[in-house]
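Trainee: Show me the folded form of this:
(chains A and B)
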Amino acid sequence: DVKVTQSSRYLVKRTGEKVFLECVQDMDHENMFWYRQDPGLGLRLIYFSYDVKMKEKGDIPEGYSVSREKKERFSLILESASTNQTSMYLCASSLQIHIAGNTIYFGEGSWLTVV
Amino acid sequence: SQQGEEDPQALSIQEGENATMNCSYKTSINNLQWYRQNSGRGLVHLILIRSNEREKHSGRLRVTLDTSKKSSSLLITASRAADTASYFCATVTGGYQKVTFGTGTKLQVIP
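Mentor: I've put the predicted structure just below:
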């Protein structure tokens, strides 16, 4: 079974801190994604990566950056955390099959509170 | 704005009844998928329907896709209390398989 592991389940950080959210997948997937989930807004795509060192902005990239130095690891970085970034963050991965379609596998989520 | 929009936002039914959720989207898709999320957890894949398919079944789940209307529906038959969860549609677009989710339908099945 595919496993997507998010290193921290619950974090509390101070405003202005630099925050790293780490995600590792064990199935050699090309695609990796970071979403944030807020009540009433569903899942919003922050960034995704389709290969090592490649990244694409999603719908809400402002205030975030990402790093993909190795295929299995995709990090989300909050350069200077703000209270409006308090949210649940979900990492996901999938194979990059252009034709057949593929399942997206999610981690369990990281609850970030910025105070 | 969201690629997918689910309707209704919330649904409450009695155990044994059928539950229908709808998803509308805006651009051409490679495929459309439905996911389930239990409270406070990650999402779990339920079913995928390709853009050239019109209907698909998996157990008690039935998904339809109408690409001319840019809409999909998920039907859960003979619902159970354990089906209580949020359900999301996700559209997959473009060569890099970008995945965009809707806002979700919160389903409550009352025993």
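
Trainee: Kindly report the residues of chain B close to chain A.
Mentor: If contacts are counted using C-beta under 8 Å from any C-beta of the partner chain, the residues of chain B sitting beside chain A are B:2, B:6, B:9, B:30-31, B:33, B:35, B:40-45, B:48, B:50, B:88, B:90, B:92, B:95-104. (Each C-beta comes from the backbone N, C-alpha and C, glycine too.)

Trainee: Tell me who's in contact with residue 80.
Mentor: Chain wasn't specified; assuming chain A. For A:Ser80, the set of contacting residues under the criterion of C-beta atoms under 8 Å, 6 or more residues apart in numbering or on different chains consists of A:Gly16, A:Glu17, A:Lys18, A:Gly63.

Trainee: right idea, wrong chain: chain B
Mentor: If you count contacts by C-beta under 8 Å, 6+ apart, B:Arg80 has them with B:Glu15, B:Val109.

Trainee: Which pLDDT value belongs to it?
Mentor: You'll see B:Arg80 listed with a pLDDT of 97.

Trainee: Quick check on it: phi, psi?
Mentor: In terms of degrees, to the nearest 10, the main-chain angles of B:Arg80 are phi -130, psi 160.

Trainee: next one: the one 4 residues further on
Mentor: Backbone geometry at B:Thr84, expressed as degrees, to the nearest 10, gives phi -60, psi 120.

Trainee: looking at it, it is touching B:Gln108, isn't it?
Mentor: Yes - with contact defined as C-beta atoms under 8 Å, B:Thr84 and B:Gln108 form a contacting pair (5.3 Å).

Trainee: The two: which is more packed in?
Mentor: Of the pair B:Thr84 and B:Gln108, B:Thr84 is the one with more neighbours under other C-beta atoms under 10 Å in any protein chain shown, namely 18 against 14.

Trainee: Can you check what pLDDT the model gives that one?
Mentor: For B:Thr84, the pLDDT comes out at 97.

Trainee: what do you get for B:Lys26?
Mentor: pLDDT, the model's per-residue confidence, is 91 for B:Lys26.

Trainee: cool, B:Ser68 as well?
Mentor: With respect to pLDDT, B:Ser68 has a value of 95.

Trainee: Can you tell me the element it falls in?
Mentor: Secondary-structure assignment from DSSP states H and E places B:Ser68 in no helical or strand segment.

Trainee: Tell me who's in contact with it.
Mentor: Neighbour list for B:Ser68: empty [criterion: C-beta under 8 Å, 6+ apart].

Trainee: That one and chain A, how far apart?
Mentor: B:Ser68 sits 20 Å away from chain A, taking C-beta to the nearest C-beta, to the nearest Å as the criterion.

Trainee: And that residue, its phi and psi?
Mentor: Here is the backbone geometry of B:Ser68 (degrees, to the nearest 10): phi -70, psi -30.

Trainee: Ok, A:Val114 next?
Mentor: With angles defined as degrees, to the nearest 10, A:Val114 sits at phi -110, psi 120.

Trainee: That one reaches A:Arg14, doesn't it?
Mentor: Yes - using C-beta under 8 Å, A:Val114 and A:Arg14 qualify as a contacting pair, with a distance of 7.3 Å.

Trainee: Tell me which helix or strand comes right after the worst-scoring helix or strand of chain B on mean pLDDT.
Mentor: Evaluated with mean pLDDT, DSSP states H and E, the helix-and-strand set of chain B has its lowest mean pLDDT in strand B:4-7, which scores a mean of 79. Toward the C-terminal end, the helix or strand that comes next after strand B:4-7 (DSSP H and E) is strand B:10-14.
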